[in-house]
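>>> generate coordinates for the sequence data below:
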Amino acid sequence: MKDKLDNYIESVEHLPATPVILVKLITLFQQRDRDVDEIVELLSRDPAMTAEVLRYSNSAGFGHEEQIVDIFEAIMRVGFHKVYQSAMARFGLDILAGTQHIYAIDVTALWRHSAAAAATAGAIARKTEGPEGLAFTAGLLHDVGKIVLASAEGAQYGQLINEFGQHGSVLETSETKLFGFRHSEVGCRLLHRWKLPEDISAPVAFHHRVDWNAESERLCAIVSLGNCMAHVAEADAPQRPYDSEEAVCAMRVLQLREADMALLLQDAQDDIKRLAGMLVPKTN
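Presented below is the predicted three-dimensional model:
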C-alpha cells in the first residue's frame, strides 16, 4: 500500500528512471560464481556504459601500454570490481545528467562528494573485509534523496542547503520540518522502488543515524564513516570531523581508530581522482 512518501516521490516530475541493467549487474556481483560472459553481454547492451567502462579502464592511473578494446578484456586486465565500479559511476552520472534543470543544488559538488564517499566506503570495506562492491554502491547513492527533494522543492531546498550546508543531521532535521521527509529516507524509498537490495538501501537510510540493526550494522557503519571521510577529502569537514556521533559509533563497530583514517583516505585517493576527474558531469 502506498503511503505519503510514495505519493511524494511519484509527484516529482523529473524522477530518475529505474536502472534495469544496474539492478541486474548488482545481482550478478553478489554471486560467488560470476558468469563473465553474462556480465559482458549485460554491459554491452548499453553503448554509453560500454564506452565509459573502456574509457575508465584505459585511464592513466592503471598504467596500461596497450588500449583495452572491449568489456571482456577490461574485466581480465583491470578486474571485475573496477569494471563494476566504473559502470556504477556511469549510472550515477546518468542520474545527475537528468538534473540539469535543477538550480537548487550544485550538481558538480554533489557528484564529487558522492564519488568520494563511494571510494572511501570501498577503502573501508577492503580494510575491514566487508563487501566492497555493495559499500561502493551505497556510498555512491547515499545522497540520491537530495536530487528528489531538489526536484520537488526547487528554490526552497536551495535556500535550505545555503543555510545549513550540504551535510549533517541538522540539515535532515530541517528537511523533515519543512518538507515532511529527510533526504536519507527519500533516497532509501527510491532505491526500494528500484528493487535494489536492502544491503544498499539500509546504509542510504541510516548514513546520518546510529540506530543500526544487527543485520546491516557493519555496512551502515562503513557508509556512514565513508560519508564523513569524503567531507574530509573535500576539505569541508569541521575541525574535529571524527567526533560526530556517526563517526564514533562507526569506528567502534568496525574496530578502527582515528589514526587509521589518514591511511584509509590515502588508499582511496586513486579511485577518488579517477571518479571525480573522469566523470564530472557537465552542468551547462
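>>> next secondary structure after the host helix or strand of A202?
For A202, the element it lies in under DSSP states H and E is helix 198-205. Using DSSP H and E, the helix or strand that follows helix 198-205 towards the C-terminus is helix 217-233.
>>> what helices or strands is the helix or strand just after that next one leaning on?
Counting by DSSP H and E, the next helix or strand C-terminal to helix 217-233 is helix 245-254. Contact here means 3 or more CB pairs under 8 Å, 6 or more residues apart in numbering; DSSP states H and E; on that basis helix 245-254 packs against helix 217-233. Yep, even glycine has a C-beta here, placed from its N, CA and C like the rest.
>>> what do you get if the cut-off is 10 Å, keeping everything else the same?
If you count contacts as 3 or more CB pairs under 10 Å, 6 or more residues apart in numbering; DSSP states H and E, helix 245-254 packs onto helix 107-128, helix 217-233.
>>> could you dump those helices into JSON lines and include mean pLDDT?
Listed next are the helices and strands packed on helix 245-254 as JSON lines, based on pLDDT from 0 to 100:
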{"stretch": "helix 107-128", "mean pLDDT": "92"}
{"stretch": "helix 217-233", "mean pLDDT": "95"}
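>>> minimum distance to K82: which of those has it?
K82 lies closest to helix 107-128 among the helices and strands packed on helix 245-254, at 10.5 Å (CB to CB).
>>> mind listing what's buried along that closest one?
Neighbour counts over helix 107-128 (16 or more other CB atoms under 10 Å) mark 107, 110-125, 127-128 as buried.
>>> between the helices and strands packed on helix 245-254, which gets nearest to E65?
With CB to CB as the criterion, E65 lies closest to helix 107-128 of the helices and strands packed on helix 245-254, at 25.4 Å.
>>> what's the following helix or strand past the closest one packed up against?
Once the chain leaves helix 107-128, the next helix or strand it forms, by DSSP H and E, is helix 132-141. Using 3+ CB pairs under 10 Å, 6+ apart, the elements in contact with helix 132-141 are helix 20-29, helix 80-97, helix 107-128, helix 183-193, helix 198-205, helix 217-233, helix 261-279.
>>> which of those helices is buried the deepest?
Most buried of those, by mean neighbour count (mean count of other CB atoms under 10 Å): helix 217-233, with a mean of 26.
>>> and the angle for it with helix 245-254?
130 degrees (axes from the mean of the first three to the mean of the last three CA atoms, to 10 degrees).
>>> how about helix 217-233 as CSV, C-alpha atoms only?
What follows is helix 217-233, C-alpha atoms only, in CSV (Å, rounded to 0.1, in the frame of the first residue of the first chain):
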residue,chain,number,x,y,z
GLU,A,217,25.2,-2.6,11.1
ARG,A,218,28.6,-3.1,9.5
LEU,A,219,27.6,-1.8,6.1
CYS,A,220,25.8,1.1,7.6
ALA,A,221,28.9,1.9,9.7
ILE,A,222,31.1,1.7,6.6
VAL,A,223,28.9,4.0,4.5
SER,A,224,28.4,6.5,7.4
LEU,A,225,32.1,6.7,8.0
GLY,A,226,32.8,6.9,4.3
ASN,A,227,30.5,9.9,4.1
CYS,A,228,32.4,11.6,6.9
MET,A,229,35.7,10.8,5.3
ALA,A,230,34.5,12.2,2.0
HIS,A,231,34.0,15.5,3.6
VAL,A,232,37.5,15.4,5.0
ALA,A,233,38.8,14.6,1.5
